[in-house]
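Undergrad: Sequence and predicted structure below; questions after.
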Amino acid sequence: QVQLVESGGGLVQAGTSLRLSCAASVRAISTYAMGWFRQAPGKQREWVAAISSGGDRTYYTDSVKGRFTISRDNTKNTMYLQMNSLKPEDTAVYYCAVPRSTLAYPTTTESVASWGQGTQVTVSS
């Protein structure tokens, strides 16, 4: 099973930026789509963004469109989430995810085979 390690979270003010990273333990990750989820206190984990295995197709939940950018570098087995114009409602633990199938995108929690440990993002107003 692939190991995923997120980094880059922190405490920032509204309107600023952060970049999250997700490092995978195996090179075979390049054959899978990947994605980001987040979970705010007292809420269910929600899908944020997904990217195809080659990085040429990206998808976002409506609340982050135009502000967040997902990308990946398969030479480094790493995925990124650039978050701009952060809002207090973006406060959550952010998780990277790999789907159960190379044919699927990780857009529901049920579709995910592997999770990272999460990284906390806190946006103050």
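TA: Nice, thanks for sending it over.

Undergrad: can we go C-alpha only for contacts and neighbour counts from here?
TA: OK.

Undergrad: For N77, see how far away T31 is.
TA: The gap separating T31 from N77 is 11 Å, by CA to CA, to the nearest Å.

Undergrad: Give me the distance between the residue most central in space within the chain and Q1.
TA: Centroid-nearest residue in the chain: W36, 2.3 Å away (criterion: CA atoms, centre = their mean). Distance, W36 to Q1, by CA to CA: 18 Å.

Undergrad: same deal with G42?
TA: Distance, G42 to Q1, using CA to CA: 29 Å.

Undergrad: now V12
TA: On the measure of CA to CA, V12 and Q1 end up 33 Å apart.

Undergrad: So which of those two has more stuff around it?
TA: Ranked by neighbour count (other CA atoms under 10 Å), V12 and Q1 place V12 first, with 18 against 7.

Undergrad: can I assume that one sits in a strand?
TA: Yes. The assignment for V12 (DSSP: H, G, I helix; E, B strand; the rest coil) places it in a strand.

Undergrad: Isn't it up against Q120?
TA: No. In this structure V12 lies outside contact range of Q120 using CA atoms under 8 Å: 11.0 Å.

Undergrad: and for those two, which residues touch both?
TA: Among the neighbours of V12, none is also in contact with Q120 (CA atoms under 8 Å, 6 or more residues apart in numbering).

Undergrad: can you map out the strands along this structure?
TA: Ranges of strands in the chain, per DSSP state E, are 4-7, 10-13, 18-24, 34-39, 46-51, 58-60, 68-73, 78-83, 92-99, 112-115, 119-124.

Undergrad: and those strands as JSON lines, adding distance to P106 and mean pLDDT?
TA: Listed next are these as JSON lines, based on distance: least, CA to CA, whole Å; pLDDT from 0 to 100:
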{"stretch": "strand 4-7", "distance to P106": "14", "mean pLDDT": "96"}
{"stretch": "strand 10-13", "distance to P106": "24", "mean pLDDT": "98"}
{"stretch": "strand 18-24", "distance to P106": "14", "mean pLDDT": "97"}
{"stretch": "strand 34-39", "distance to P106": "6", "mean pLDDT": "98"}
{"stretch": "strand 46-51", "distance to P106": "7", "mean pLDDT": "98"}
{"stretch": "strand 58-60", "distance to P106": "11", "mean pLDDT": "98"}
{"stretch": "strand 68-73", "distance to P106": "13", "mean pLDDT": "98"}
{"stretch": "strand 78-83", "distance to P106": "14", "mean pLDDT": "98"}
{"stretch": "strand 92-99", "distance to P106": "5", "mean pLDDT": "97"}
{"stretch": "strand 112-115", "distance to P106": "6", "mean pLDDT": "95"}
{"stretch": "strand 119-124", "distance to P106": "18", "mean pLDDT": "98"}
